[in-house]
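Peer 1: my questions are about this predicted structure, shown below with the sequence.
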Amino acid sequence: MFIRSLSIDWNEISPDSYLRGIDAIRTLESLSFRKPITFFVGENGSGKSTLLEAVAVAYGFNPEGGTKNYHFSTKDTHSELCGAIRLIRNPAKARWGYFLRAESFYNVATMEEEYAEVSREYHRKSHGESFLAVAQDNFRGNGMYLLDEPEAALSPQRQLTLMLEIIRCANRNAQFIIVTHSPILLGMPDSEILSFDSGSIHPIEYEETDSYRITEMFIRDRKRFLNRLLDDGEEPG
């Protein structure tokens, strides 16, 4: 692991910070990474992307994404958490790295065309094609990669393609920390899934994730699921 663990100094975070209102974050003092691929899962607003962004910035990545060499800002929205995080790193340094996030991908693709020695013309491709192309162009062994909801731009088939890219790199000493809701990506072997639900960050099994459970219920009995949803306004449990 290039990042073995992290700790948070809450004295560096203001008393009225919104971070203290995020259940999974406000109770966090330290967190260890035990697998080459770690997933953050949880409901919207549970703090997954907030923590991933803070780790990325503390590691030296641009908040909006890219490599450590990217220095641009469309709008500064990252939290003060990055300044309170201490990363425990492996003495061996990663040879490469990338922070790839769905919400600011357009800006990163634009800067890719400016920074790259050879123009990739990402904007000439569809959103999903360009997103996958950036991953394939930048993923390699001995690298540190942080991905925020990469499935947002990808079809199920392309998610499988991304999965293979991630596994290939992880087998060549790369580390990944990934925020996702994708039941496809979460099925990746030799990974750890950390849930941000129930008020704390804790490991769970693949079959325990909401992404798996809800998708499985929907596919197994779509009509009953929809009838229950439409009649009661609640998801079947």
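Peer 2: Cool, the structure landed. Residues are numbered from 1 along each chain as shown.
Peer 1: state the mean pLDDT of the helix or strand hosting Gly83.
Peer 2: Using DSSP states H and E, Gly83 sits in helix 81-84. Average pLDDT, helix 81-84: 93.
Peer 1: tell me which helix or strand of the chain sits lowest on mean pLDDT?
Peer 2: The weakest-scoring helix or strand in the chain, judged by mean pLDDT, DSSP states H and E, is helix 105-115 (a mean of 60).
Peer 1: who touches the helix holding Gly83?
Peer 2: Here helix 81-84 makes contact (CB atoms under 8 Å, 6 or more residues apart in numbering) with 8-13, 19, 25, 50-51, 53-58, 63. For every residue, glycine as well, the C-beta is placed using N, CA and C.
Peer 1: pairing partners for the following helix or strand past it, with directions?
Peer 2: Tracing the chain C-terminally past helix 81-84 and defining elements by DSSP H and E, one meets strand 85-89 next. Strand 85-89 pairs in its sheet with strand 3-8 (antiparallel), by DSSP bridges.
Peer 1: so after the partner strand, what's the next helix or strand?
Peer 2: As assigned by DSSP H and E, the chain's next helix or strand after strand 3-8 is helix 23-26.
Peer 1: that older thread, pull out the buried members of the contacts of helix 81-84.
Peer 2: Listed as buried from those are 8, 13, 19, 25, 50-51, 53-58, 63; burial here means 16 or more other CB atoms under 10 Å.
Peer 1: contacting residues for Lys68?
Peer 2: With CB under 8 Å, 6+ apart, Lys68 has these contacts: Gly60, Phe61, Asn62, Gly97.
Peer 1: who wins for most neighbours among those?
Peer 2: Phe61 (25 neighbours; other CB atoms under 10 Å).
Peer 1: correct me, but that residue touches Thr67?
Peer 2: Yes. Assessed by CB atoms under 8 Å, Phe61 is found in contact with Thr67 at 7.4 Å.
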